[in-house]
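[1] Have a look at this fold, sequence not included:
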């Protein structure tokens, strides 16, 4: 992990450049500057000062306030302690972004990193001890991607100062992640990092659309990051889903649950591999359609005629279609439907038809008996994010309905 260099490199310099056996008990103070080559691009310099009983190394750059005390011990060893460690990401981000490569381009970042640690150094055992990093008040935004993260916090602690692994139990928390009007809240991940630089996520979750999403364990190799994760979805509010589908649902209530398997890589981005959601059976699960003239009645006449079509009065002579008016009320949102079935099915790349998402709905009219049941099948083609309404995109293809 690159962050540990802020603590370990300056400690290593202090203890390696002044051998304890060559020093008498320290009295008074001396000063000077040290330019650590690894951090020249960040403009970091260190000031070493002799103090009674040891040496203090401090940073000399705005935005980086780090102070480490190193004390000589018997046999040439040194004890070290991070007395103060605060890094202002707002101040350093322009330089860090340049070092991070193309992936950081277009991102704005702010926050505060707090460093801590203590341990020992000797020539035989090297650097040992425990060091920690705490990220507080983190914030990040990409205008290009339309993504903003707020309330980012992380707590990372390790005793593997040389190898850079992290034991299980490290935490990352994001209070709010928003993209094009959609929000994910209370996002959390619990993870570790092996000595082979593989991130092992042991759990986590988030709140989304009024419900809770749980993250099952998965692994990601940092050398070639590819994510395949499975999510348990519980109590997603159908009313929140309706808000993302204003072209279809005027209002809705009820809860969805199920599972979704996600994938991500640097080339394809975020996708859904598999999964589905189902309605939680309840008496109050219902919805009303957004007014859509002809959606249900477009292929049926209001009157069943029995006169030849060429006759002048043919359209006015016949038997009234009893289903026409109640279906017209349903398609215009004047009458709601009690939900019997509400199923959402995802495909990895879409089946042969090219569908990526399908919604199957079976509803019973809440106020009439002339129409016993209405079945709606909605098939989406194209990117999943558009199909699910991110950005409230109303331009889509493959919008098909079937009424029985």
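    Yep, that arrived. These numbers were taken from a predicted model, which means no experiment stands behind them. Residues are numbered from 1 along each chain as shown.

[2] What's the local residue count around residue 244?
    17 (other CB atoms under 10 Å). Using the backbone N, CA and C atoms, a C-beta is placed for each residue, glycine as well.

[3] now residue 80: how far from residue 117?
    8 Å (CB to CB, to the nearest Å).

[4] ok, which stretches of this protein are helices?
    5-17, 89-100, 238-243, 324-331, 384-387 (DSSP state H).

[5] any idea of the mean pLDDT for the third one?
    The average pLDDT within helix 238-243 is 90.

[6] what's that helix packed up against?
    Here helix 238-243 touches strand 249-253, strand 255-265, going by 3 or more CB pairs under 8 Å, 6 or more residues apart in numbering; DSSP states H and E.

[7] Show me what the residue nearest to residue 372 when sequence neighbours are not counted bridges to in the sheet.
    Excluding the flanking residues, the one nearest residue 372 by CB to CB, 6 or more residues apart in numbering is residue 364, at 7.0 Å. Beta-bridge partners for residue 364, by DSSP bridges, are residue 338.

[8] Now do the contacts for residue 364.
    337-338, 340, 372-374 (CB atoms under 8 Å, 6 or more residues apart in numbering).

[9] how about a cut-off of 10 Å?
    Residue 364 makes contacts with 286, 336-340, 371-374, as judged by CB atoms under 10 Å, 6 or more residues apart in numbering.

[10] ok, for residue 208, nearest residue in space, not its chain neighbours?
    residue 184 (5.1 Å).

[11] wait, doesn't the one you found sit right on residue 211?
    No. Judged on CB atoms under 10 Å, residue 184 makes no contact with residue 211 at a distance of 11.2 Å.

[12] For residue 172, state which of the contacts of residue 364 is nearest.
    residue 339 (36.8 Å; CB to CB).

[13] and the gap between the closest one and residue 243?
    From residue 339 to residue 243 the distance is 17 Å (CB to CB).

[14] likewise residue 213?
    For residue 213, the distance to residue 243 - CB to CB - is 17 Å.

[15] same thing with residue 279?
    Per CB to CB, residue 279 is found 17 Å from residue 243.

[16] cool, and residue 190?
    31 Å.

[17] Then residue 149?
    22 Å.

[18] Go through the helices and strands packed on helix 238-243 and name the closest to residue 143.
    With CB to CB as the yardstick, what comes closest out of those is strand 255-265 (20.9 Å).

[19] what about residue 80 and residue 117, which has more around it?
    The residue with more neighbours, out of residue 80 and residue 117, is residue 80; 28 against 23, by other CB under 10 Å.

[20] Show me what that one bridges to in the sheet.
    Under DSSP bridges, the residues paired with residue 80 across the bridge are residue 70, residue 119.

[21] Same check on residue 381?
    As assigned using DSSP bridges, the partners bridged with residue 381 are residue 355, residue 397.

[22] That one: how many residues sit nearby?
    The burial count for residue 381: 17, using other CB under 10 Å.

[23] now residue 275
    Residue 275, neighbours per other CB under 10 Å, totals 18.

[24] Quick check, residue 196 in contact with residue 165.
    Yes. Residue 196 lies in contact with residue 165 (CB under 10 Å); the separation is 8.5 Å.

[25] out of these two, which sits in the more crowded spot?
    Remark: of residue 196 and residue 165, residue 165 carries more neighbours, 16 against 10, as counted by other CB under 10 Å.
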